[in-house]
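*Asks:* My questions are about this predicted structure, shown below with the sequence.
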There are 2 protein chains.
Amino acid sequence: MSEFETRPKKLAQRLAPVLAQLQRQAVVETVTHRQQQKRADVIENLVQRQQSAALSRELKKLNNADIAHLLNMLPADKRRTVWQQLDNHNAGDVLVELNDTIAEDLIEITEPARLGIILGTLDIDELTEIADLLPAPLLNQAVSSLEANERNWVERTLSYPQGTVGDNMSKDSLTLNERHTINQAIELVRSTPELPPQTDKLFVLGKHRQLVGVVPLIDLIRHPGETLIEDCMDKDVVTFAPHDDAEDAGQAFERYDLISAPVVDERHRLVGRLTVESIMDYLREVAENQALAKEGLRAGTDLFGPILEGARERWPWLMINLCTAFIASRFISIFEDTIQQLVALAALMPIVASVGGNTGNQTAALVIRGLAMEQIQRGNLSYIYRKELIISLLNGVIWGALLGLFAWMLYSNLLLGAVMMAAVTLNLLLAALIGITVPFLLDRLNKDPAMGSSVVLTFATDSMGFFLFLGLATLILV
Amino acid sequence: MSEFETRPKKLAQRLAPVLAQLQRQAVVETVTHRQQQKRADVIENLVQRQQSAALSRELKKLNNADIAHLLNMLPADKRRTVWQQLDNHNAGDVLVELNDTIAEDLIEITEPARLGIILGTLDIDELTEIADLLPAPLLNQAVSSLEANERNWVERTLSYPQGTVGDNMSKDSLTLNERHTINQAIELVRSTPELPPQTDKLFVLGKHRQLVGVVPLIDLIRHPGETLIEDCMDKDVVTFAPHDDAEDAGQAFERYDLISAPVVDERHRLVGRLTVESIMDYLREVAENQALAKEGLRAGTDLFGPILEGARERWPWLMINLCTAFIASRFISIFEDTIQQLVALAALMPIVASVGGNTGNQTAALVIRGLAMEQIQRGNLSYIYRKELIISLLNGVIWGALLGLFAWMLYSNLLLGAVMMAAVTLNLLLAALIGITVPFLLDRLNKDPAMGSSVVLTFATDSMGFFLFLGLATLILV
């Protein structure tokens, strides 16, 4: 029973009696966390006590993907110690599996000679995967040591922009000729010591290396051995071009339940292979970085990086936000006289601004999702404007009235309450307008609407919140 | 050459001469968009002109995944017309592929009799997938028409909480006995008319249906026919438990490059199968909904839903935000006298609040990513506090000084500038504290730190921004 268990299971069983009384769902998470935590603690402890023999032994128990996961979790200094302990062959595989930020850090501290040896253990798909992270001279050296056709391939792959299929494809695939038989295909599979990862089909090429079909592995078992490939191959193939967007490719992988797919050039010659693994990798990276990018941080920002760099990385965003806040503040200063006469306005105005920002961001989130799912087009845009504006009007009147009531009661000033209600309603309408328009325009300009929308929106609802509220107050109250 | 093309390619080729002169990367996106847009336009046009024969013909050209994609894009009324045109068998497959919101809408408008027939075309994996969306009586009816073992399976699967492996697993897998030979396994594959999707390995069961190993499909080709399964099977298998977290499973799929994996109960009996497709589906859904949840919207919020519902869906969030904004405003009202004496403070105070919120959200984004990647533990927490506080101090002094300079120049008041600088610095320090503490605590409480952090953070930096700035001004300036 124990022979095929994975590690999570083992610990889960040992802990089972203790945890059984806890709530069902919480159990699993606790186990997973504890188990990972425990492994990291053991390693950290060994590093601390400088027990390098025991450390080596512990590391040998883990596969490379797990070591990478562990390195991602360790603080910088211990991460480096463990890294130095790894033998060169494992180090290469681990490097490929690491988060980019961590990999970059370890590459930086590794002496060039060792790094050269480590890179030498990688196949060219692995090499291209971490190419961005390598210092240029070392990359050039590694590339120049390759055979001509491999060198060509690496150079071509590196030339595709990030986020394209070409940037995420791998080189090796099993290919057949359409005149081959099933038996010959089986022979090919048998004689290939290691199949490219996630091989679920063989690619069939015509005379000029152009793709003419695919043969799922399973068909090698199902068809009689003498069948000609051209008679049994699948001709209806989902293919990608190297310049296709990798996110679109991800959607296609999901929609057509693909495991691997051929990448072809404009003359349908096979140039690479895209696998569900590389696509998942890419999509996860995008999702992780999006949350950072929304706050104006670059993808690779390292939580454990040097302090000065950490401070400087935040400057562009700080500057943008200082500018918008500064301009919004100028809208207030227009009405300093009004505020002086009725100082309650100063206390109430941030409410108007903040409620506008919040509901605007709700609208924007819906529109951004609609754009991503291609639900929003020019044709139904007016419907969406109408709907969101009515919603804003409704909510503005309801919640504006409530706020107005508070203002009236707090300051015993009915007109102040009315101004509050009107300003909230108007700012919510503005928020809806901006929350639709800005993401839509960014999308049309081929920018990611999830990125810039929030800054523009908050700027508008802040400035206009102050302006509307104080402006109305000036007209009506003083 | 044309025989294996997919649709994206065809249009890309027709448009190639026109687009060739455009910038390389933009081309691909344009083509994809145009192609999807064009297909939707054709269909919409046919719906508009009520040409149902032509519409049927157009729909027949598409596979079900593409029809689903199209329905996701169409405005509500046209979506419904197309749906009514689909024949019942396709409708079932399409339903499974649709976004939940859209599927829910179409289920609602379908007469129960037709819906019953459509559900009858689904296999039980498909049925459990859309079970959440079905009205209870219809689901019960569909389930009760199943055979006993299928009914058991559906009921058990539906009992697993959302976000668990059990909720995402499928029932069917090809299983072998360890005493079988490779030839018998090949026979099994040949005699199965349709393999479960994404079958890359067969599961080997022992006497009591407990999992003892797996045989990759490829091994059926590689090993001699007489080999016993127990002699060639892979005993080192990554397995999951039904209550495991689906996101953790996703990480394991990525880490170990899995295509499918067995799900086993606590006694290692096989209970289901998890595929990379279902995991990708799940992860995409989570990512999509996270952006909405951050703005306080529930996962299924329909951009095209009824207006009143749309308005009401935003109330809880509006209320939370009104409360926090209201409380922040009370911090200002404490200092109304001070503001009356120096009205410049009213114009400057939102800058202090806003800069704090922005940098705090940066820290929180880094911490949330660190938590998700398990880089942050209790052990290195103090390192992170130290680092982020020093960064805040640095940036607070630098940018606070700049803002102070502006304030000094604008209002010719040196002390006002000094107060500005001090308040900005203090608020940035507070923002870093909250930006680390809140996500970390939420994570410890098994809540998603990405969800609640921003509200708490903005509340704190707004309130304290006002309080620090106005408080210091009261102490020093008036």
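*Replies:* Yes, it's here. Numbers count the residues shown, from 1 in each chain, chains lettered A, B, ... in the order given.

*Asks:* Can you show me the strands along the stretch 101-250 of chain A?
*Replies:* A:175-177, A:201-205, A:211-216 (DSSP state E, counting those that start in this stretch).

*Asks:* Quick one: closest of the ones you listed to B:Ala293.
*Replies:* strand A:201-205 (38.1 Å; CB to CB). C-betas here are computed from N, CA, C, even on glycine.

*Asks:* Could you dump the strands of the stretch 101-250 of chain A into a markdown table with mean neighbour count added?
*Replies:* Formatted as a markdown table, the strands of the stretch 101-250 of chain A follow (neighbours: other CB atoms under 10 Å in any protein chain shown):
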| stretch | mean neighbour count |
| --- | --- |
| strand A:175-177 | 17 |
| strand A:201-205 | 24 |
| strand A:211-216 | 22 |
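
*Asks:* Nearest to B:Ala422, out of the ones you listed?
*Replies:* strand A:201-205 (66.2 Å).

*Asks:* How about that closest one and chain B, touching?
*Replies:* No - using CB under 8 Å from any CB of the partner chain, strand A:201-205 never reaches chain B; the gap is at least 9.4 Å.

*Asks:* As JSON lines, the strands of the stretch 101-250 of chain A with mean pLDDT would be great.
*Replies:* Rendered in JSON lines, the data for these read as follows (pLDDT from 0 to 100):
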{"stretch": "strand A:175-177", "mean pLDDT": "93"}
{"stretch": "strand A:201-205", "mean pLDDT": "94"}
{"stretch": "strand A:211-216", "mean pLDDT": "94"}
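
*Asks:* okay if I get these as JSON lines plus distance to B:Asp41?
*Replies:* Below are the strands of the stretch 101-250 of chain A laid out as JSON lines (distance: least, CB to CB, whole Å):
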{"stretch": "strand A:175-177", "distance to B:Asp41": "39"}
{"stretch": "strand A:201-205", "distance to B:Asp41": "34"}
{"stretch": "strand A:211-216", "distance to B:Asp41": "30"}
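
*Asks:* buried set for the lengthiest helix in chain A?
*Replies:* Longest helix in chain A, counting residues (DSSP state H): helix A:378-411. Buried residues in helix A:378-411, counted by 16 or more other CB atoms under 10 Å in any protein chain shown: A:380, A:384, A:387-404, A:406-408, A:410-411.

*Asks:* Return the list of helices and strands in contact with whichever helix or strand comes after it.
*Replies:* Sequence-wise, the next helix or strand downstream of helix A:378-411 (DSSP states H and E) is helix A:414-444. If you count contacts as 3 or more CB pairs under 8 Å, 6 or more residues apart in numbering or on different chains; DSSP states H and E, helix A:414-444 packs onto helix A:344-372, helix A:378-411, helix A:449-476.

*Asks:* And the strands of the stretch 101-250 of chain A: which comes nearest B:Arg369?
*Replies:* B:Arg369 lies closest to strand A:201-205 among the strands of the stretch 101-250 of chain A, at 35.9 Å (CB to CB).

*Asks:* quick one: strands adjacent to the closest one?
*Replies:* With DSSP bridges as the test, strand A:201-205 is paired with strand A:175-177 (parallel), strand A:211-216 (antiparallel).

*Asks:* Could you give the separation of that strand from the chain centroid?
*Replies:* Distance of strand A:201-205 from the chain centroid (CA atoms, centre = their mean, to the nearest Å) equals 31 Å.

*Asks:* How about stretch A:206-219?
*Replies:* For stretch A:206-219, the distance to the chain centre is 33 Å (CA atoms, centre = their mean).

*Asks:* what do you get for stretch A:457-467?
*Replies:* 30 Å.

*Asks:* ok, residues contacting that stretch?
*Replies:* A:324-325, A:327-328, A:331-332, A:334-335, A:349, A:352-357, A:360-361, A:364, A:423, A:427, A:430-431, A:434-435, A:438, B:350, B:354 (CB atoms under 8 Å, 6 or more residues apart in numbering or on different chains).

*Asks:* What would that stretch look like as CSV? C-alpha coordinates only.
*Replies:* Once non-C-alpha atoms are left out, stretch A:457-467 reads as follows in CSV (Å, rounded to 0.1, in the frame of the first residue of the first chain):
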residue,chain,number,x,y,z
LEU,A,457,-11.3,55.9,-12.8
THR,A,458,-10.2,56.8,-9.3
PHE,A,459,-8.7,60.0,-10.6
ALA,A,460,-12.0,61.0,-12.3
THR,A,461,-14.3,60.1,-9.4
ASP,A,462,-12.0,61.8,-6.9
SER,A,463,-11.7,65.0,-8.8
MET,A,464,-15.3,65.1,-9.9
GLY,A,465,-16.6,64.0,-6.6
PHE,A,466,-14.9,67.0,-5.0
PHE,A,467,-15.8,69.3,-7.8
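
*Asks:* So for it, mean pLDDT?
*Replies:* For stretch A:457-467, mean pLDDT is 95.

*Asks:* Next, the buried residues of it.
*Replies:* Going by 16+ other CB under 10 Å, stretch A:457-467 has these buried residues: A:457-467.
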